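Visitor: turn this into a structure:
(one chain, ligands or ions: 1)
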Amino acid sequence: MSEQELKALRLRIDALDEKVLELISERARCAQEVARVKMASLAEGEVPVFYRPEREAQVLKRVMERNKGPLGNEEMARLFREIMSSCLALEQPLKVAYLGPEGTFTQAAAMKHFGHAVISKPMAAIDEVFREVAAGAVNFGVVPVENSTEGAVNHTLDSFLEHDMVICGEVELRIHHHLLVGESTKTDSISRIYSHAQSLAQCRKWLDAHYPNVERVAVSSNAEAAKRVKGEWNSAAIAGDMAAGLYGLTRLAEKIEDRPDNSTRFLMIGSQEVPPTGDDKTSIIVSMSNKPGALHELLVPFHDNGIDLTRIETRPSRSGKWTYVFFIDFVGHHRDPLVKGVLEKISQEAVALKVLGSYPKAVL
Ligand SMILES: C=C(O[C@@H]1C=C(C(=O)O)C=C[C@H]1O)C(=O)O
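Guide: Got it, this is the predicted structure:
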């Protein structure tokens, strides 16, 4: 390509960037106007709601539907995700607590869902995230809820039994683990591998094949594992890209998870009810009396009404020995007439029924 051609193309890009810049600024001014309208239409004593997850899901979906390339739909939606995040921050910067420390997959999930223009706060444990949200110190919390290889995150499910929380969103992340070492690690003398118990489990076969006699040490998070390795000559960590970058570690082996489709689902928790978008999910907790056929009774109304169950999990109820609660996710919104009918039917049979929230299905 000639120098002249290159110069002409760069001039075109400069001109386009100017237009993009002007359009983004115009969009941001619109968001400021939206904030003004929201404030002006408040009733006496009413708190303004700036963040509207249902609207954001619709914006992203529209972008993906209309995108003609060459950028892929997900790539384009990610760009718009960040533009919206910045526009919302002009209205009100969101405060988000997540399962920390910095560099965890939960932080990556928080950024994927809310974008980077949020004030984020790492918490030491899942229960702390719930408490921070309940105390009103942050607007939302982000916690892992299930992994495609290892199943439920029980700490999260149990925390829902203890706190009154509304689920207002979900996000899924593909989880890639790497074996990481620090500058001072002697790679032929590794005698200890740190990681979170879930991640050690997700890489069990790989570890059995490559480091069968090395001690596996479970720590509170992958980021904590990465942090420890930094100063030790005989240890390695299993963690993801964010932790590797944050602690300046190098990859001795990449993508070592046993299943290539290894993914984790995260929930956004808060106190805000989300209106329907037409493509929603609902999460409920139900406890049934301990009698034969109780689970069957619980599931029949879903089947009869053609409602798609996406997940069912059982946990001890913590209020009596050998009594259980069911965590159920299904497609639909609790305001849909069909879903309403099913929930009414179930509540007639159940000892207790709690709707944890209806929220847009993950777009990204
Ligand atoms: C602009 C609004 O407020 C926020 C910002 C949005 C955006 O930038 O598109 C969308 C929804 C809200 O989270 C709105 O409610 O429309």
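
Visitor: number of nearby residues for the residue lying closest to D279 once chain neighbours are set aside?
Guide: Spatial nearest neighbour of D279, excluding adjacent residues (Cβ to Cβ, 6 or more residues apart in numbering): K361 at 5.2 Å. (Glycine included, C-beta is placed from N, CA and C.) Neighbour count for K361, taken as other Cβ atoms under 10 Å: 15.

Visitor: any idea how far K361 is from K61?
Guide: Per Cβ to Cβ, to the nearest Å, K361 is found 10 Å from K61.

Visitor: overlap in contacts, those two.
Guide: D279 (Cβ atoms under 8 Å, 6 or more residues apart in numbering).

Visitor: pLDDT at N147, what is it?
Guide: You'll see N147 listed with a pLDDT of 91.

Visitor: flag every residue of the chain that's near the ligand.
Guide: Proximity of the chain to the ligand (Cβ under 6 Å from any ligand atom) is limited to residues A31, V34, F50, Y51, R52, R55, E56, V59, M84, C87, L88, E91.

Visitor: again, only this time at 8 Å
Guide: Residues of the chain lying close to the ligand by Cβ under 8 Å from any ligand atom are 27, 30-31, 34-35, 38, 50-53, 55-56, 59, 83-84, 87-88, 91.

Visitor: which residues does the residue nearest to I126 when sequence neighbours are not counted contact?
Guide: Leaving aside its sequence neighbours, I126 sits nearest to H155 (Cβ to Cβ, 6+ apart; 4.3 Å). Residues near H155 by Cβ under 8 Å, 6+ apart: A125, I126, D127.

Visitor: the residue nearest the centre of the chain bridge partners, please.
Guide: Nearest to the mean C-alpha position of the chain, by Cα atoms, centre = their mean, lies F266 at 3.1 Å. Beta-bridge pairing for F266 (DSSP bridges): P144, V171.

Visitor: so it sits against T156, correct?
Guide: No. Using Cβ atoms under 8 Å, F266 makes no contact with T156, being 9.2 Å away.

Visitor: mind pulling up the phi and psi values for I13?
Guide: phi -60, psi -40 (degrees, to the nearest 10).

Visitor: okay, now it: neighbour count?
Guide: Neighbours of I13 under the rule other Cβ under 10 Å: 11.

Visitor: hang on, the earlier thing: which of the contacts of H155 lies closest to the ligand?
Guide: I126 (25.7 Å; Cβ to the nearest ligand atom).

Visitor: show me where the stretch 1-150 of the chain has strands.
Guide: With strands called from DSSP state E, counting those that start in this stretch, the stretch 1-150 of the chain shows them at 95-99, 119-123, 140-147.

Visitor: which residues outside the second one are in contact with it?
Guide: In other words, strand 119-123. With contacts defined as Cβ under 8 Å, 6+ apart, strand 119-123 is touched by 93-102, 104, 107, 110-111, 129, 132, 137-138, 141.

Visitor: partner strands of it, with direction?
Guide: Counting by DSSP bridges, strand 119-123 is paired with strand 95-99 (parallel).

Visitor: quick one: the partner strand to chain centroid distance?
Guide: Distance, stretch centre to chain centre, for strand 95-99: 11 Å (Cα atoms, centre = their mean, to the nearest Å).

Visitor: tabulate the CA atom coordinates of it in PDB.
Guide: Extracted in PDB, the C-alpha atoms of strand 95-99 (Å, rounded to 0.1, in the frame of the first residue of the first chain):
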ATOM      1  CA  LYS A  95     -21.400   1.900  43.400                       C
ATOM      2  CA  VAL A  96     -20.900  -1.800  43.100                       C
ATOM      3  CA  ALA A  97     -19.500  -4.300  45.600                       C
ATOM      4  CA  TYR A  98     -18.000  -7.600  44.300                       C
ATOM      5  CA  LEU A  99     -16.300 -10.700  45.700                       C
END
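
Visitor: coming back round to it: just checking, the residue nearest to D279 touches E172?
Guide: No. Judged on Cβ under 8 Å, K361 makes no contact with E172 at a distance of 9.9 Å.

Visitor: mind listing what P101 touches?
Guide: Taking Cβ under 8 Å, 6+ apart, we find P101 in contact with P122, A124, S221, A223, E224, K227.

Visitor: my read: the third one touches A197, true?
Guide: So the one you mean is S221. No. Applying Cβ under 8 Å as the test, S221 and A197 come out as separate, 10.2 Å apart.

Visitor: sorry, back to before: now, of the contacts of strand 119-123, which are buried?
Guide: Neighbour-count burial (16 or more other Cβ atoms under 10 Å) applied to the contacts of strand 119-123 gives 94-101, 104, 107, 110-111, 129, 132, 138, 141.

Visitor: quick check: which element contains I285?
Guide: Following DSSP states H and E, one finds I285 within strand 280-287.

Visitor: name the next helix or strand downstream of that strand, please.
Guide: Next element after strand 280-287 (DSSP H and E): helix 294-304.

Visitor: quick one, that next one and strand 280-287 angle?
Guide: Put simply, helix 294-304 runs at 160 degrees to strand 280-287, going by axes from the mean of the first three to the mean of the last three Cα atoms, to 10 degrees.
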